[in-house]
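Undergrad: Have a look; sequence and predicted model below, questions after that.
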Amino acid sequence: MPKKLERRDANIEQAAETAPPPDWDDIRLFVTAAEARSLRKAAERLRMSSSTIVRRIDKLEYALQARLFDRLPDGVELTPAGLAILQHAKRMESSSFELQRAVQARDTNPTGLVRVSITEGLGTYWVAPRLVELQRTNPKLVIELKCAMESADVLRMEADIAVQFTRPTNPDLKVTKLGRLHVYPFASKEYIATYGMPRSREDILNHRLIDQYAPQLEEGVAARFLGIRNPEGIVGMRTNASTAHYHAVEKGAGIGGLATYAAVLSDDLVAIDVGFHHHVDIWMTYHPDVRQSTRVSIMIDWLKETFSPQRFPWFRDEFIHPRELRKLPADSWKINLVNTQPTIFDTDEP
């Protein structure tokens, strides 16, 4: 064993009689670090500095009088003591979340905070503009909208509700399909005026693409369609952000795959018909216990209505071309999402 670790273990043993009881927040931090197998990744997930993570892990090891991690060049690895403690820590964490959900379920007032995690593009361009209407009828609700491509863990109460592209498999979660997101290539009118309209898959190879890479997005979709191993030669811009991706296409930087409802968001976008169409399903998930909370239940019902395929045809399973979506009367989709939706007292769903 390295001398540094020997000294560290010796210090822990010498502190046995004076160590304070472990802090619960430090234990939860330990669980996150153990699952991430990296103190840096744990710091990113918890939005803390790496130095804070290290300091608090050291503090927990001092309190438990045990070394929990071996530090490796590419992360951390649990020691035998850490592995044994992790099982107890996870049970403590699970009991803590059950306690919090039990308290939340007793809340029958339509007031307070509701935390919603949602993919960036859907949250920014579809949900956020419509929240104004919900808040007008529920002025005491506070909606915390986390728009990110990383999925939130609702079992660990990182959010009350999550809207995501990957379907959860944990049987303890309630999972509802909200709709389907259809992706189609678009370019701006300015781009087409400058570089011309591609008419085939082969034509695309002579244009510039805007590429997005992020969690929950399938990799290599464009390359497979184009029949090439790597699109590096034709990618003009790559981004992890849906907002940057959308605006780059809208401002004429290149051709990019956007949700088909982009056709009704901007008249400057033109659909590119080269035989490409991709889709991904939209899932809403939450713990069944939070359905008993009035404020969370209001949000669940509102999200279902906001993504209703019957009212918003671009969320249907069947593909509808963007030019057909543009033919829809504005009143058919620019409608008040609150006044016509059922309340939690009008639905039979558990």
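TA: Nice, I can see it.

Undergrad: mind listing what's buried in stretch 161-171?
TA: Within stretch 161-171, the residues that qualify as buried are Ile161, Ala162, Val163, Gln164, Phe165, Pro168, counting by 16 or more other Cβ atoms under 10 Å. For the C-beta atoms, the positions are set from N, CA and C on the backbone; glycine is no exception.

Undergrad: my guess is the last one contacts Lys174, does it?
TA: No - in this structure, Pro168 sits apart from Lys174 without contact. The criterion is Cβ atoms under 8 Å, and the distance is 9.3 Å.

Undergrad: what touches both of these two?
TA: Residues touching both Pro168 and Lys174 (Cβ atoms under 8 Å, 6 or more residues apart in numbering): Thr285.

Undergrad: Report the two of the buried residues of stretch 161-171 separated the most.
TA: The most widely separated members of those, counting by Cβ to Cβ, are Ile161 and Phe165 (15.0 Å).

Undergrad: that older thread, what is the nearest of the buried residues of stretch 161-171 to Arg130?
TA: Val163 (13.1 Å).

Undergrad: State the helix or strand in which that closest one lies.
TA: strand 161-164 (DSSP states H and E).

Undergrad: Off-centre distance for the helix or strand following that strand?
TA: Next helix or strand after strand 161-164 toward the C-terminus (DSSP H and E): strand 174-188. Distance of strand 174-188 from its chain centroid, counting by Cα atoms, centre = their mean, to the nearest Å, is 14 Å.

Undergrad: How about stretch 148-164?
TA: 6 Å.

Undergrad: Show the average pLDDT along it.
TA: For stretch 148-164, mean pLDDT rounds to 90.

Undergrad: And the contacts of it?
TA: Contacts for stretch 148-164 (Cβ under 8 Å, 6+ apart): 93, 97, 100-101, 114-120, 122-123, 127, 146, 166, 168, 170, 172-173, 178, 214-217, 240, 242, 282-287, 290, 293, 296, 299-300, 303.

Undergrad: at 6 Å what do you get?
TA: Contacts to stretch 148-164, defined as Cβ atoms under 6 Å, 6 or more residues apart in numbering, come from residues 97, 114-120, 214-216, 283-287, 290, 296.
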